[in-house]
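In: Below: sequence and its predicted model.
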Amino acid sequence: MHVGLAATPRVDWGAGTVTTGVLHYAPEESLAMVADAKNAGFGVAIHAIGNLALGHAIDAIERAKPHAHASRIEHATCVDRASLTRLADLGAIVVSQPIFLDLPAIANAPTPSGVRLLPFRTLLEAGVTVAGSSDAPCATFDVLAGVRAASERTVRPEERLDRRTAFALFTRNAARACGALDVTGTLEVGKRADVVVLSGDPIAGPLDGICLEQTILAGKTVFER
């Protein structure tokens, strides 16, 4: 369900608020769709980029009360203080795209006071589960590029993640967002053997120059350089 797109910040001087985004659905329409999904036994994944859309997405999930583990908010690019607190209480998973930080439209976007842009560290410290994705073909699906963007970001550098945490966005947390953490996402006895072999140490060393050497999916080699 696509609820909002990032756009020029809009200031409501009468209410003293700053919002970003263009709504695709009115709040009651969003609520009805989430309720219908819940009644049909489905989880929900709501696209919300601007903080206005994010607030409406949180409203819909709070009011319809689908299973928390089956509720995702895609993007959550612009997060204000109110939404941060509510996300932490909601239990929904934020699926974000660190690689967006390399896009000029994001890197050069004006950020109003009180709105955080792709605030990975702030979300995680608040207790929100954040998963990483690429949103391909909007951006490259290269996971190493996404990890680099999350750990070496120059836009709001205070939101940088350490390398190990950045990798967890694309492994453990991504599996949790897909409802598959019981079978993949971490290397544990009894789980599916999904493994990649890299040409260098991606935690301690620089990511530049590291390449994929081998991919093992469910215990079978599906790619080898």
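Out: Sure thing, it's come through. Worth saying up front: this structure is predicted, and the values here are computed from it rather than measured.

In: Now do the strands in this structure.
Out: 4-5, 10-12, 17-19, 22-23, 44-48, 71-75, 78-80, 93-96, 115-117, 130-132, 195-198, 212-217, 220-224 (DSSP state E).

In: how about those strands in CSV, adding mean neighbour count and mean pLDDT?
Out: Quick note: C-beta positions are derived from backbone N, CA and C, even for glycine. Formatted as CSV, those follow (neighbours: other C-beta atoms under 10 Å; pLDDT from 0 to 100):
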stretch, mean neighbour count, mean pLDDT
strand 4-5, 22, 38
strand 10-12, 12, 52
strand 17-19, 19, 65
strand 22-23, 16, 74
strand 44-48, 24, 92
strand 71-75, 24, 94
strand 78-80, 25, 91
strand 93-96, 26, 96
strand 115-117, 21, 91
strand 130-132, 25, 98
strand 195-198, 14, 96
strand 212-217, 14, 96
strand 220-224, 10, 97
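
In: so which of the ones you listed gets nearest residue 175?
Out: Minimum separation from residue 175 across these (C-beta to C-beta) falls at strand 130-132, 8.4 Å.

In: Direction included, what does the closest one pair up with?
Out: Strand pairing for strand 130-132, using DSSP bridges, gives strand 93-96 (parallel).

In: now the strands of the chain in a markdown table, with distance to residue 167?
Out: Listed next are these as a markdown table, based on distance: least, C-beta to C-beta, whole Å:
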| stretch | distance to residue 167 |
| --- | --- |
| strand 4-5 | 29 |
| strand 10-12 | 36 |
| strand 17-19 | 33 |
| strand 22-23 | 34 |
| strand 44-48 | 23 |
| strand 71-75 | 20 |
| strand 78-80 | 22 |
| strand 93-96 | 14 |
| strand 115-117 | 22 |
| strand 130-132 | 9 |
| strand 195-198 | 11 |
| strand 212-217 | 14 |
| strand 220-224 | 19 |
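
In: out of those, nearest to residue 183?
Out: Smallest distance to residue 183 across the strands of the chain (C-beta to C-beta): 12.2 Å, for strand 212-217.

In: Show me the contact partners of that closest one.
Out: 193-199, 221-225 (C-beta atoms under 8 Å, 6 or more residues apart in numbering).

In: would a markdown table of those with distance to residue 97 be doable?
Out: Formatted as a markdown table, the contacts of strand 212-217 follow (distance: C-beta to C-beta, whole Å):
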| residue | distance to residue 97 |
| --- | --- |
| 193 | 27 |
| 194 | 21 |
| 195 | 24 |
| 196 | 20 |
| 197 | 25 |
| 198 | 22 |
| 199 | 25 |
| 221 | 29 |
| 222 | 25 |
| 223 | 24 |
| 224 | 29 |
| 225 | 27 |
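
In: Which among the strands of the chain is found nearest to residue 206?
Out: Across the strands of the chain, residue 206 has its closest neighbour in strand 195-198 (12.3 Å, C-beta to C-beta).

In: circling back to that earlier point, any idea which of the contacts of strand 212-217 is the one closest to residue 42?
Out: Comparing the contacts of strand 212-217 against residue 42 with C-beta to C-beta places residue 194 closest, at 25.4 Å.

In: The closest one - how many residues pack around it?
Out: When neighbours are counted by other C-beta atoms under 10 Å, residue 194 registers 18.

In: And residue 97, by the same measure?
Out: By the criterion of other C-beta under 10 Å, residue 97 has 25 neighbours.
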